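Student: Just a sequence and a predicted model for now, questions to come.
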Amino acid sequence: MGGIRTGVVCAVLTWSAWGVALPMGLSAQEGTVRGRITSEGRSVPDAQVAVLRPDGSTVRRTVSGAEGIYKVTLPAGNYDLVVTAFGYAEARASGVSLVSGGTATRDFDLAIEPFSIRGPSVSAGRRPQKALETAASISVLDVVDVETRHALSALDHVEGVPGIDVATQGIQARQVTTRGFNSIFGQRLTLLTDYRQASAPSLRVNLSQTIVPVDDDIERVEILRGPASALYGPAAADGVVHIITKSPFESQGTSVDLIAGGQSLFQGMFRHATTLSDQLALRVSGQYFRGEEWPVTPLESELVARDPVQERASGELRLDGRFGGTEAILNLGLFHGFRYVEQSTIGASQVEDWRVGHAQLRVANGRFFAQGYVNWNEAGDTYTLQTLSPIVDDSRLYAGQLQHGLELGGMASITYGLDFQRTDTRTGGTISGRNEDDDTIDEVGGYLQAEVPLADRLRLVGALRLDDHSRLPDPVWSPQIGLVATPDEGHSIRLTYNRAFTPPVPTDLTLDILAGSFDPLPFDLRARGVPLDGFAWSESCGGYCMQSPFAPAAPLPLDVTPFWPVVVEIMAAGGVDLSMIPAPGSDDVGTTLRSLNLGTGGFDLHDGAFETIDPLKPTLSNTWEIGYKGIIGDRVGIGADVYYTRRQDFRGELGVVTPNAFMDTADLAAYLAGFMPVEQAAALAAVIGGVNGNPDLTGIPLGTVVPDDPLSGSDVMLTYRNFGEIDLWGTDLSLEVVLNDRLTWTGTYSHISENFFSAEEIGEVLTLNAPRHKGFTSLMYRDRSGGLWGSIRARFVGGFRQIQGVWQGEVDSFYTIDAEVGAPIPGATGLSLSVAGRNLTNYEHQEFVGAPTIGRLLLVKAQYRH
């Protein structure tokens, strides 16, 4: 099976090379199509002109210059021209006839179009479609949205999009998901840049700092809410954010951006795009960032102080080739994190010289698409702040995709494809630990989607996907079916069902890392993935077995009284002499089990029941949704989604599963009372045996009840488990009103029925780490002729409870108000200046437990465009 999967990648690269090479030898006598693109008498620069054959396939593309003039050289024939420009409605000219050596002229007058949902989207159906007509809940942010925001992270642009949860973890770190289920170490959202997974290879975590494209690279950002496994496969159950960059063919020129502001912040970005020939175009871009983190309260277990400076640099090279109807794109990127702090569920790490890179080749010709890419890591000198242990992560992700589509004579539109990826985990034993030699994972999936017109304005959309995971016993099916009605131009209603799945990520299965210690006691806290056969508990010791660092040779029965000499020694180190008190027996002092509470640092009473921890299953999500998108009178855009989701076998966060053994406090107090006053005996017993749930009187653990596993030792073990079934529903609403040709108001609101599930409901406390209510509003001003723009934004996020490993507590509700204004500098061609204020009211707040406390941030930005 592994050989077959590896062959898929080879096939992708071979077919890609064939697709590039084949058209290069084609030539014909050519002519020229030219014209001017305007709107209300003004030139429209940077408009994209696509030249199509009669069958709809793309022949060539070009872009209009500063005066709105375009020119494209083509073989003789008949063509259709399609003109698109951000902020304008699409325009089309059909039946343009070109003779050898001749010239055809077509001018275009574009109508202003303020609504991005009328524009293109590729994320919903993995092929170009109008966002308004897709069978999914999707939002599209265009180049204007990107240009008019001071973004310190590419994910800043999705803030305020309905259904999107954005948690700011610091001056640059962001965690994003759709419709709840957020995470301090985000692994649930599928984050793409130019069709490539942008998450870390083995950790599968979305690190916002490592997103390479600069803002001026971004053509649009597509946000797909809800499940998308039917087309995108594993890890797409919670939506997709897809950052799509500009082709250098259509975005030639040079840009430089300089940003400075509070927190000693400096950010510099550059971009240059040029054509090397009629067939080749090149783009290079890069950025550097440095700033001081907001104030943060570290964990008590952190052994050294955090470096407050955040510093990184990144760069990307893109080479586009267009050969006849075939387009080939080579993309190389590199991120270097000089220093910053990254949070995970087991604590925080000081990142030093972490590098992330990628190499990608993709080829498209009509409905055919193929790509192969590799993502790689180098963790540099990164170390954990709880143990000072080095982190090694030189992992690789190899991926290949093939996709094709065809039209069945107006009866149906078919899209089908094959995906493969191999995760090659290389952590030097620091993350995978004792699983280092058995942690490679292969995933392969195939999908088929069909759109069938049932009537003039009614379509049936269906998709089916099958995925095989090398660490799961059975393949997983992901179906999708929906009806899309377009009762009138500019209006769309959809009713859909999706079944999506989330497989265990590599660390869920192979994690084996030291997460902390009980220093000065010889116990360690260790996080472990769930092996293929799970964890079981042995009762071969006259009951359950424990292991102790004070007698590590073999499993022991649950009796801690033989360790009285250890207690005497520990108390003596604290200045209490118990050497004259004889050792109690098991008839005198019983054994009590308590589990470490990661949130409080105390030990909670354990009920003595031990359930087998089964091998992890994929989490299944079944979602029913009804949605509406519409434009009323070219002035009002409306979006409304209502959904119901049932999740089965939800994978919980890392939690303690191995209780510690203590001397029973009440028994010990009674025993010691035979040798000292009752009050003194009770106080000593509380110190030795501990008090339930009291972090100041934890007691002295003497053993750990561990699974029947040769790797267990006496470590307190954290691991993952699947839990029951949860049901929830929610709604996402958006309203956009064009007040006039310069002012636009936007408002969004999202609600989810539940964000906390108790242990009584599903067997484990579960939180969505996201609010039940959130809202956003903005007022945007843009003068197209003068270049002046400005905006004011307000965001409200309701409070929620967060439970994620060592990060547990309440996140209070908060609001932020941001404002920005920018304009060209008179007399300085290509130069502009803008200023921005974030959290203008200086409302100090945390957006995640353990995250810095965020205050006001003022920024100034100078831009040069040529």
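Tutor: That came in fine, so what should we check first?

Student: Only C-alpha atoms from now on, for both contacts and neighbour counts.
Tutor: Noted.

Student: Can you give the domain ranges for this structure?
Tutor: Domains of the chain are assigned by automatic domain parsing as 31-113, 122-507+619-653+722-865.

Student: Any idea how far the last one is from the middle of the chain?
Tutor: Just to be clear, that refers to domain 122-507+619-653+722-865. 5 Å (CA atoms, centre = their mean, to the nearest Å).

Student: Number the residues from 4 up from this point.
Tutor: Renumbered: residue one is now 4, and that last one reads domain 125-510+622-656+725-868.

Student: same question for it, mean pLDDT?
Tutor: Averaged across domain 125-510+622-656+725-868, pLDDT comes to 92.

Student: got it, and the first one?
Tutor: For domain 34-116, the mean pLDDT works out to 86.

Student: Straight-line length of it, end to end?
Tutor: Start-to-end span of domain 34-116 (CA to CA, to the nearest Å) is 32 Å.

Student: what's the offset of that domain from the middle of its chain?
Tutor: Worked out by CA atoms, centre = their mean, domain 34-116 lies 37 Å from the chain centre.

Student: Same check on stretch 502-519?
Tutor: On CA atoms, centre = their mean, the centre of stretch 502-519 falls 15 Å from that of its chain.

Student: go on, stretch 503-520?
Tutor: 16 Å.

Student: May I see the buried residues of stretch 795-802?
Tutor: 795, 796, 797, 798, 799, 800, 802 (16 or more other CA atoms under 10 Å).

Student: now, among those residues, which is nearest to residue 352?
Tutor: Nearest to residue 352 among the buried residues of stretch 795-802: residue 802, at 26.6 Å, using CA to CA.

Student: Quick check: closest non-adjacent residue to that closest one.
Tutor: Distances taken as CA to CA, 6 or more residues apart in numbering place residue 816 nearest to residue 802, at 3.9 Å, with adjacent residues excluded.

Student: Just to check, the one you found is in contact with residue 800?
Tutor: Yes: under the criterion of CA atoms under 8 Å, residue 816 makes contact with residue 800 at 5.6 Å.

Student: one step back: nearest to residue 613, of the domains of the chain?
Tutor: When the domains of the chain are compared by CA to CA, domain 125-510+622-656+725-868 sits nearest residue 613, at 13.1 Å.

Student: Tell me where the stretch 204-353 of the chain has strands.
Tutor: If you assign secondary structure with DSSP state E, counting those that start in this stretch, the strands in the stretch 204-353 of the chain sit at 221-228, 243-248, 256-264, 268-278, 283-295, 312-326, 329-347, 350-368.

Student: how about residue 795, secondary structure?
Tutor: With DSSP: H, G, I helix; E, B strand; the rest coil as the basis, residue 795 sits in strand.

Student: If we ignore the residues flanking it in sequence, what's nearest residue 605?
Tutor: Spatial nearest neighbour of residue 605, excluding adjacent residues (CA to CA, 6+ apart): residue 698 at 3.8 Å.

Student: That neighbour is in what secondary structure piece?
Tutor: Under DSSP states H and E, no helix or strand contains residue 698.

Student: And the helices in the stretch 604-753 of the chain?
Tutor: Using DSSP state H, counting those that start in this stretch, the helices found in the stretch 604-753 of the chain span residues 668-675, 681-692.
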